[in-house]
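A.B. asks: Compute the structure for the input listed below.
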Amino acid sequence: MKRALLPVLLALAIVPAMTRAQDPQTIRFGVDPSYPPFESKAADGSLVGFDIELGNAICAQLHQKCVWVEQSFDGMIPALKARKFDAILSAMSATESRRKQIDFTNRLYNGPSALIARSGTTLQPTAQALHGQRVGVVQGSTQESYAQTEWATKGVTLVSYQTQDQIYQDLVTGRLDAAFQSSVQADYGFLKTPRGKGFALVGEPVKDSRVAGDVAIGLRKGDAALEARLSQAIDAIRKDGSYQRVASRYFNFDIYGN
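C.D. replies: Prediction:
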């Protein structure tokens, strides 16, 4: 009798867990909280940043609750495919290579990438200028992919890290000569902080489509219903002013772009 009851009890235990995972009242977003001002952790451990506030505005528009699931950026797409969360909202550019793996919503914002180095340096974001130098990039980022193709084959040493904060630490201590990341992130997350003293954006921003373009919410292939709802919510918060109110707390320019 006990053996016969065991499968039933196990099934009953699994059902609530499945229900929680598919709770229609929540949207689970994957996020890597190491990218201020887009996403980071406050002193009390809560998640803060532009992406977090945008996500909450989108969820409010849909009358749902945001649930944030922390994930390192390089494992974001595999975790999405494994259904660890429903969508990625973590400053992810909707590149052609990524579109082959996942789908994306309408644009959230736009921005180029840039190189950071010591003020007064002659370094530029080119293979010739960076020859023999050590440049930090985040694993799985568009900057890593671009630099591997354009720089690493021409004498530039790339050092990949799991988080942007690790890159900044090694840049300050001199283990790196430069770092390559989103220009907005570089400005707000490093240059405008005390440890960014003595550093600057060097050269012109890199506007190549491989590292500059639309940032959007990533979804599993074929999840058309969620994609449509999220895109409609993005359009709605743009129209009702919610987007601009959030953006104005972080940027003094139009991050959405043309």
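A.B. asks: where does the chain dip in pLDDT?
C.D. replies: The chain contains residues with pLDDT under 70 at 1-23, 258.
A.B. asks: Tell me how the protein divides into domains.
C.D. replies: 19-111+214-248, 113-206 (automatic domain parsing).
A.B. asks: could you dump the ones you listed to TSV with distance to residue 254?
C.D. replies: All C-beta atoms are positioned from the backbone trio N, CA, C, and that covers glycine. What follows is the domains of the chain, written out as TSV (distance: least, CB to CB, whole Å):
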stretch	distance to residue 254
domain 19-111+214-248	8
domain 113-206	12
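A.B. asks: what's the closest of those to residue 256?
C.D. replies: Comparing the domains of the chain by their distance to residue 256 (CB to CB), the top pick is domain 19-111+214-248, with 5.3 Å.
A.B. asks: Show me how far the closest one is from its chain's centre.
C.D. replies: Domain 19-111+214-248 sits 9 Å away from the centroid of its parent chain (CA atoms, centre = their mean, to the nearest Å).
A.B. asks: before we move on, the earlier item: reformat the domains of the chain into JSON lines and put mean neighbour count and distance to residue 255 next to each item.
C.D. replies: What follows is these, written out as JSON lines (neighbours: other CB atoms under 10 Å; distance: least, CB to CB, whole Å):
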{"stretch": "domain 19-111+214-248", "mean neighbour count": "18", "distance to residue 255": "4"}
{"stretch": "domain 113-206", "mean neighbour count": "18", "distance to residue 255": "7"}
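A.B. asks: The ones you listed: which one's closest to residue 257?
C.D. replies: domain 19-111+214-248 (3.3 Å).
A.B. asks: how about the strands in the stretch 101-250 of the chain?
C.D. replies: Along the stretch 101-250 of the chain, counting by DSSP state E, counting those that start in this stretch, strands occupy 103-111, 113-118, 134-138, 157-161, 178-182, 199-206, 213-219.
A.B. asks: thinking residue 162 is in contact with residue 137, fair?
C.D. replies: No. In this structure, residue 162 is not within contact of residue 137 by CB atoms under 8 Å, at 11.1 Å.
A.B. asks: could you say what helices and strands the helix or strand where residue 40 lies packs with?
C.D. replies: Per DSSP states H and E: residue 40 is located in strand 40-41. Contacts defined by 3 or more CB pairs under 8 Å, 6 or more residues apart in numbering; DSSP states H and E place strand 40-41 against strand 47-48.
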